[in-house]
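Engineer: sequence and predicted structure below; questions after.
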Amino acid sequence: MKEILKLDYKRVWRTYTGGKLIDTMHQKKDASDSHYPEEWIMSITEAINPEPTKGEGLSYIPDLNMTLKTYIENNPEETLGKAFYQKYGLTTAVLVKFIDSLERLTLQVHPNKKDARIYFNSEFGKTECWYFLKGRTIENEKPHVYLGFKKGITRAYFKELFDKQDINGMLNALNKIEVNEKDCILIEGGMPHAIGSGCFLVEIQEPTDYTIRVEKYTPSGLKIDEKLIHQGIGYDKMFDLFNYKYMSLSEIKEKYFIKPRRITQKEKEIIGYDTIDYFKLKELNISKNYLSEENIFYGMVIIEGKGIIKSGDSQYTYEQGEQFFIPYQTQTIEIIPEIPSRIFKCFGPK
């Protein structure tokens, strides 16, 4: 058993375009936008796309020539911990992504756990949390999101807008909110939303790719495959997944804009189990040797910095953009930064 698993970084095809800032993070000289605007982290989830590619989205362990999913299946208790494995089975029950949007994503919704069981026979919905990094201004517009229905929006009215493909009408049915670096927003299953252009963020979520879309073409003109619109449940039932309950903009910000909690001088909790049981995200800022001690498996993503990470017989150099998986059995790792480092630690459910 390896104490530290170094993962490759998997880019995933999406209907929207972006990804230049992910290239830049990896210090690519030819950074550019494309239909690969997401990088999936510690992933055991396969992407749902119109032309499925076997294994697309799954994290890979180059040293062992296998996916993280296969490694966990071969070593469940050592990797996940006996209690977690008995509760959730052969899954980390979490997925993490980098998302960089050149264009606005289509208006969409994800199922909550209840609806995921009913419509997709899944124990996991797709509640998610966004933590914003440095974005970019696109066509004089700053990074922004669309979130929650405005007052008076009903199922019948919103479906009518969909049937007419009244894009402006659907956009106007949601609150448009400008976002800034270090904003953290919780998106519960059922909440209508869209990430706007110019956003660069880390997303932590339940481990599925179920997305209901209400636009038949992306803003840049790509026709969206029918199955990617309703995910196989049909054009009528898909409207059952939206939460039409009205919340004022101030109520949305109060409930869903999450304030980080300082744990130590070097570590803060961006979102934790006191907010939601589904996942936890920590941020570590260090300039000197640091011992990371946890009693659960987790993923590590290097946002900034360079150095060495080691535990037992495992030792790796790290630099920005790289990702690692720390199994349950590895209670302690040592991080030795050569230059100041900003690191995210990503955890599954409670």
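Structural biologist: Thanks, I have the structure now.
Engineer: quick one: the strands in the stretch 101-250 of the chain?
Structural biologist: Under the criterion DSSP state E, counting those that start in this stretch, the stretch 101-250 of the chain contains strands at 108-109, 128-132, 144-149, 174-178, 184-187, 193-195, 200-205, 212-213.
Engineer: so which of those is nearest Pro349?
Structural biologist: Comparison of the strands of the stretch 101-250 of the chain against Pro349 by Cβ to Cβ identifies strand 200-205 as nearest, at 10.8 Å. In this view, the C-beta of every residue, glycine as well, is placed from N, C-alpha and C.
Engineer: so in that sheet, which strands flank the closest one, and in what orientation?
Structural biologist: Using DSSP bridges, the strands paired with strand 200-205 in its sheet are strand 95-100 (antiparallel), strand 128-132 (antiparallel).
Engineer: ignoring the adjacent residues along the chain, who's closest to Ser197?
Structural biologist: If the residues on either side of it in the chain are set aside, Ser197 comes closest to Ile138, at 4.1 Å by Cβ to Cβ, 6 or more residues apart in numbering.
Engineer: ok now do the one you found, which residues does it touch?
Structural biologist: With contacts defined as Cβ atoms under 8 Å, 6 or more residues apart in numbering, the neighbours of Ile138 are Leu102, Glu103, Ser197, Gly198.
Engineer: next: Gly19.
Structural biologist: Arg11, Ser32, Asp33, Ser34, Tyr36, Pro37, Glu38, Asp100, Leu102.
Engineer: circling back to that earlier point, quick one: the strands paired with strand 200-205 as TSV, columns for distance to Ile212, mean pLDDT and mean neighbour count too.
Structural biologist: As requested, these are exported to TSV (distance: least, Cβ to Cβ, whole Å; pLDDT from 0 to 100; neighbours: other Cβ atoms under 10 Å):
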stretch	distance to Ile212	mean pLDDT	mean neighbour count
strand 95-100	18	98	25
strand 128-132	14	98	22
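Engineer: redo the ones you listed as TSV? Include distance to Gly232.
Structural biologist: Output for the strands paired with strand 200-205, formatted as TSV (distance: least, Cβ to Cβ, whole Å):
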stretch	distance to Gly232
strand 95-100	20
strand 128-132	21
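Engineer: show me the shaky parts of the stretch 101-250 of the chain.
Structural biologist: Residues of the stretch 101-250 of the chain meeting the criterion pLDDT under 70: none.
Engineer: closest to Glu77 out of the strands of the stretch 101-250 of the chain?
Structural biologist: Going through the strands of the stretch 101-250 of the chain one by one, with Cβ to Cβ as the measure, strand 200-205 comes closest at 24.0 Å.
Engineer: quick one: work out the angle between the closest one and strand 144-149.
Structural biologist: With axes from the mean of the first three to the mean of the last three Cα atoms, to 10 degrees as the criterion, the two stretches strand 200-205 and strand 144-149 enclose an angle of 40 degrees.
Engineer: tell me how far strand 200-205 is from the chain's mean position?
Structural biologist: Strand 200-205 sits 4 Å away from the centroid of its parent chain (Cα atoms, centre = their mean, to the nearest Å).
Engineer: adjust the sequence numbering to begin at 5 for everything that follows.
Structural biologist: Sure, I'll start numbering at 5, so the last one becomes strand 204-209.
Engineer: Phe124 is in contact with His114, correct?
Structural biologist: No - counting by Cβ atoms under 8 Å, His114 does not reach Phe124; the two are 10.6 Å apart.
Engineer: the helices in the stretch 205-354 of the chain, which residues?
Structural biologist: 230-234, 253-260 (DSSP state H, counting those that start in this stretch).
Engineer: now those in a markdown table, with distance to Asp27 and mean neighbour count?
Structural biologist: What follows is the helices of the stretch 205-354 of the chain, written out as a markdown table (distance: least, Cβ to Cβ, whole Å; neighbours: other Cβ atoms under 10 Å):
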| stretch | distance to Asp27 | mean neighbour count |
| --- | --- | --- |
| helix 230-234 | 25 | 16 |
| helix 253-260 | 30 | 13 |
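Engineer: distance to Leu178 for the ones you listed - can I get that in a markdown table?
Structural biologist: Output for these, formatted as a markdown table (distance: least, Cβ to Cβ, whole Å):
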| stretch | distance to Leu178 |
| --- | --- |
| helix 230-234 | 18 |
| helix 253-260 | 10 |
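Engineer: now for Glu210: which residues touch it?
Structural biologist: Under the contact definition (Cβ under 8 Å, 6+ apart), the residues listed for Glu210 are Ala97, Val98, Leu99, Lys117, Phe128, Gly129, Lys130, Thr131, Glu132, Gly193, Tyr282, Phe283.
Engineer: ignoring the adjacent residues along the chain, who's closest to it?
Structural biologist: Leaving aside its sequence neighbours, Glu210 sits nearest to Phe128 (Cβ to Cβ, 6+ apart; 4.4 Å).
Engineer: now, which of the contacts of Ile142 sits nearest Gly325?
Structural biologist: Relative to Gly325, the closest of those is Leu106; by Cβ to Cβ it sits at 18.8 Å.
Engineer: residues in contact with the closest one?
Structural biologist: Remark: with contacts taken as Cβ under 8 Å, 6+ apart, Leu106 is in contact with Tyr20, Thr21, Gly22, Gly23, Lys24, Asp37, Pro41, Ile142, Ser201, Gly202.
Engineer: any idea how many residues pack against the last one?
Structural biologist: Spelled out, that is Gly202. By other Cβ atoms under 10 Å, 22 other residues sit near Gly202.
Engineer: equivalent analysis for the fifth one, please.
Structural biologist: Lys24 sits with 18 neighbouring residues when counted by other Cβ under 10 Å.
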